[in-house]
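Engineer: structure for this input, please:
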Amino acid sequence: MKARFFWALMVLALCTACSAAGLARQGAADPLPSSADIVYVTPTARRTLVPTAVRHQPTATTVESGQVESAADPGASCETILEKLYADASDHCLAGPSGHFCSGGLPPIAEPPTDAFNAAGALVEAARVESLRNPALADPLGMGIVWLRLEDNLRINALLIGDLQIRRAASPAGNADNWRAFTVESGVMTSDCASAPATGALVLQSSYGQSARLTINGVTADINGTLIVQTQSDRTQFIVIEGQIRLGAFGQFAALSVGQQLDLRYQAGDWRRTVQTPGAPKLLDYERIENLPVRLFERPVPIPQPGYAQTQGMVNMRAAPVISARLLYQVPAGETMSVLGISSNREWLHIRLGNGETGWMSAELLARALGEISQVYDQTPEPPQRFGAHAKLASVNVPAGGNLREAPDTAFRVKRTLPYGMQTELLARSPYSPWVKVSAEGITGWMALFTLETKSVISSLPIDYSVPLPPRATPTPSFSYGGGHAYPNPDGGY
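Structural biologist: Numbers count the residues shown, from 1 in each chain. Below is the predicted model:
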């Protein structure tokens, strides 16, 4: 009965958020002041979810192999050129359908041969492709950038970056028609641009919170998070930058945590079967992957430092690397976290939790299995957001219009009702509710996320801690389920 009552209240709250402006609480009492010390309602243990995204249909631009024209400014820096290449690729292929390849960069070479990839953003059924060779970086023309969105039942997607060949193989069950098993071979990319990736890479991301199984270079991989696969000489490198991965060969398995990698040897030129059993993982090679464009990922994930940290008891996570900084919430014992950087006094670690939230923890309170931390800073960087203009935009998807309120809760006054289809700019997210701060026609306010359609990764928006608290705020920091950033998408998301 209590559960039914709880969900009834949730439905009522959501309906109220998009009701007509005349039903809003006009003339409400002055908002409660915000707290400078603590966030009262905290994120859930689940990752922030994104509402339904509709694939952007770009203007078809035919790119003939060998006759590519660069749209970059000849005088621009290599970082600017790369930024434009990535943004164009993202706009071409963002939110594509499952079961298809989508090329956003230089056309790949496919077997059997096809010219379908010559049009940027064109979709090619994965079942029609036996192998794909992605072009290396060709300054300043671009490089191969291809998304492989696997069938929904596999619960995983792939991104091919730079010099890389992927070839379909028979899985242990004899099923080769859905890319459940394949081989990978990556190449070194030479460039004068210090920001360019050093090596081609395959990025594999499971649906958030779900495990997926693939066979890669003859190795069984149970993936719950983000795995990068590269080859070097006679070795395949499996690098974990999010979550946990289990790798198996010859009946032996090894478990990898975030910040670790496992290298397996092969006969020269034969990537179908490793010649060794999985051994102990080692710390990831940060320099090899530090320039990968994480904002191209289906789920943007910052590259962690080598190794990981763990809580041994309840540990406070704060907004800045000082004891007086805002308390975000308390993390219980047993949480494994990636390390993104360290403060200049070496006393605080900038960490990322399994649910994607980031903050600072006192290093002396954590168990650590870390290598050299090269990222040193005291100003907290924003999480990575997708490339392209569409990553910061949202449009109203409620036929009757969506209410723009003074703060992120239905308890606050409606400033205006935005009509269906109106485009808004995303500015921030709420620290205690599934709402976002937007700007529309010069007016800034807060809208319930479910009233908007967007391709933005909501968890990558900055959190606005200055908002007033709603009257029913619960002043109890907690890491457990209880509200926070649990956005209303029952099918999951990013």
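Engineer: when you work out contacts or count neighbours from here on, use the C-alpha atoms and nothing else.
Structural biologist: Fine.
Engineer: roughly how far apart are Trp102 and Val240?
Structural biologist: Rather than Trp, residue 102 is Cys. 24 Å (Cα to Cα, to the nearest Å).
Engineer: more neighbours, these two?
Structural biologist: Val240 (30 against 26; other Cα atoms under 10 Å).
Engineer: what sits against Tyr86?
Structural biologist: Pro293, Leu296, Phe387 (Cα atoms under 8 Å, 6 or more residues apart in numbering).
Engineer: tell me what the helix or strand that Leu264 is a member of is packed against?
Structural biologist: Element membership for Leu264, per DSSP states H and E: strand 260-265. Under the contact criterion of 3 or more Cα pairs under 8 Å, 6 or more residues apart in numbering; DSSP states H and E, strand 260-265 touches strand 235-249, strand 282-283.
Engineer: could you check the angle that strand makes with strand 235-249?
Structural biologist: Using axes from the mean of the first three to the mean of the last three Cα atoms, to 10 degrees, the inter-axis angle of strand 260-265 relative to strand 235-249 is 100 degrees.
Engineer: run a quick neighbour tally on Tyr329.
Structural biologist: Tyr329, neighbours per other Cα under 10 Å, totals 24.
Engineer: one step back: any chance of the contacts of Tyr86 in CSV, with distance to Tyr329 and secondary structure too?
Structural biologist: What follows is the contacts of Tyr86, written out as CSV (distance: Cα to Cα, whole Å; DSSP: H, G, I helix; E, B strand; the rest coil):
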residue, distance to Tyr329, secondary structure
Pro293, 30, coil
Leu296, 30, helix
Phe387, 30, coil
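Engineer: between these, which is nearest Ala309?
Structural biologist: Distances from Ala309 to the contacts of Tyr86, taken as Cα to Cα, are shortest for Pro293 (24.3 Å).
Engineer: and the closest one, how many neighbours?
Structural biologist: Neighbours around Pro293, by other Cα under 10 Å: 22.
Engineer: Thr358 touches Arg352, doesn't it?
Structural biologist: Yes: counting by Cα atoms under 8 Å, Arg352 is a contact partner of Thr358 at 4.4 Å.
Engineer: now do the shared contacts for the two.
Structural biologist: Joint contacts of Thr358 and Arg352 (Cα under 8 Å, 6+ apart) do not exist.
Engineer: surely Thr336 is in contact with Thr311?
Structural biologist: Yes: between Thr336 and Thr311 there is a contact under Cα under 8 Å: 7.0 Å.
Engineer: looking at the two, which is more packed in?
Structural biologist: Thr336 (22 against 19).
Engineer: quickly list what that one is bridged to.
Structural biologist: Gln310 (DSSP bridges).
Engineer: can you give me the pLDDT of it?
Structural biologist: Per-residue pLDDT puts Thr336 at 93.
Engineer: repeat that for Leu12.
Structural biologist: For Leu12, the predicted pLDDT is 39.
Engineer: quick one, domains of this structure?
Structural biologist: Annotated domains of the chain cover 25-56+386-494, 78-93+95-296, 307-370 [automatic domain parsing].
Engineer: quickly, which of the ones you listed bottoms out on average pLDDT?
Structural biologist: Looking at the domains of the chain, the bottom one is domain 25-56+386-494 with a mean of 70.
Engineer: and Leu82, that one's in a strand?
Structural biologist: No: under DSSP: H, G, I helix; E, B strand; the rest coil, Leu82 falls outside any strand and is assigned helix.
Engineer: so what's it up against?
Structural biologist: For Leu82, counting by Cα under 8 Å, 6+ apart, the contacting residues are Gly142, Ala196.
Engineer: again, but for Val188
Structural biologist: Asp163, Ala198, Thr199, Gly200.
Engineer: redo that, cut-off 6 Å
Structural biologist: Neighbouring residues of Val188 by Cα atoms under 6 Å, 6 or more residues apart in numbering: Thr199.
Engineer: and it, how far is that from Asp163?
Structural biologist: Counting by Cα to Cα - Val188 and Asp163 are separated by 7 Å.
Engineer: over to Glu372?
Structural biologist: 28 Å.
Engineer: the more surrounded of those two?
Structural biologist: Taking other Cα under 10 Å, Glu372 and Asp163 do not tie; Asp163 has more neighbours (25 against 10).
Engineer: isn't that one right up against Gly187?
Structural biologist: Yes: with contact defined as Cα atoms under 6 Å, Asp163 counts as touching Gly187 (5.2 Å).
Engineer: shared neighbours, these two?
Structural biologist: Gly200.
Engineer: most packed of the helices and strands packed on strand 260-265?
Structural biologist: strand 235-249 (a mean of 23; mean count of other Cα atoms under 10 Å).
Engineer: may I have the strands that pair with that strand, each with its orientation?
Structural biologist: With DSSP bridges as the test, strand 235-249 pairs up with strand 219-232 (antiparallel), strand 252-257 (antiparallel), strand 260-265 (antiparallel).
Engineer: returning to that earlier point: can you redo the domains of the chain as JSON lines with distance to Asp378?
Structural biologist: Compiled in JSON lines, the domains of the chain are given as follows (distance: least, Cα to Cα, whole Å):
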{"stretch": "domain 25-56+386-494", "distance to Asp378": "17"}
{"stretch": "domain 78-93+95-296", "distance to Asp378": "20"}
{"stretch": "domain 307-370", "distance to Asp378": "5"}
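Engineer: what's the distance between the nearest residue to Trp271 once chain neighbours are set aside and Arg235?
Structural biologist: Take Trp271 and drop its neighbours on the chain: the residue closest to it by Cα to Cα, 6 or more residues apart in numbering is Asn217, 5.1 Å away. Taking Cα to Cα as the measure, Asn217 falls 10 Å from Arg235.
Engineer: not counting sequence-adjacent ones, nearest residue to Leu393?
Structural biologist: For Leu393, the closest residue by Cα to Cα, 6+ apart turns out to be Glu425, at 4.8 Å.
Engineer: bridging residues for that neighbour?
Structural biologist: Under the criterion used here (DSSP bridges), Glu425 is bridged to Leu393, Ser439.
Engineer: same check on the one 10 residues further on?
Structural biologist: In this structure, Trp435 bridges to Ala448 when assessed by DSSP bridges.
Engineer: what's near enough to touch it?
Structural biologist: Pro408, Met447, Ala448, Leu449 are the contacts of Trp435 under Cα under 6 Å, 6+ apart.
Engineer: please repeat the previous calculation with a cut-off of 8 Å.
Structural biologist: Pro408, Asp409, Arg429, Trp446, Met447, Ala448, Leu449.
Engineer: I'd say the last one and Lys437 touch.
Structural biologist: No: between Leu449 and Lys437 there is no contact under Cα under 8 Å: 9.4 Å.
Engineer: what about Ile145, distance to Ala201?
Structural biologist: Taking Cα to Cα, one finds Ile145 at 10 Å from Ala201.
Engineer: out of those two, which sits in the busier spot?
Structural biologist: Neighbour count, other Cα under 10 Å: between Ile145 and Ala201, Ile145 has more, with 29 against 26.
Engineer: Ala136 is in contact with that one, correct?
Structural biologist: No: between Ile145 and Ala136 there is no contact under Cα under 8 Å: 9.4 Å.
Engineer: what sits in contact with each of these two?
Structural biologist: Gly162.
Engineer: much appreciated, bye for now.
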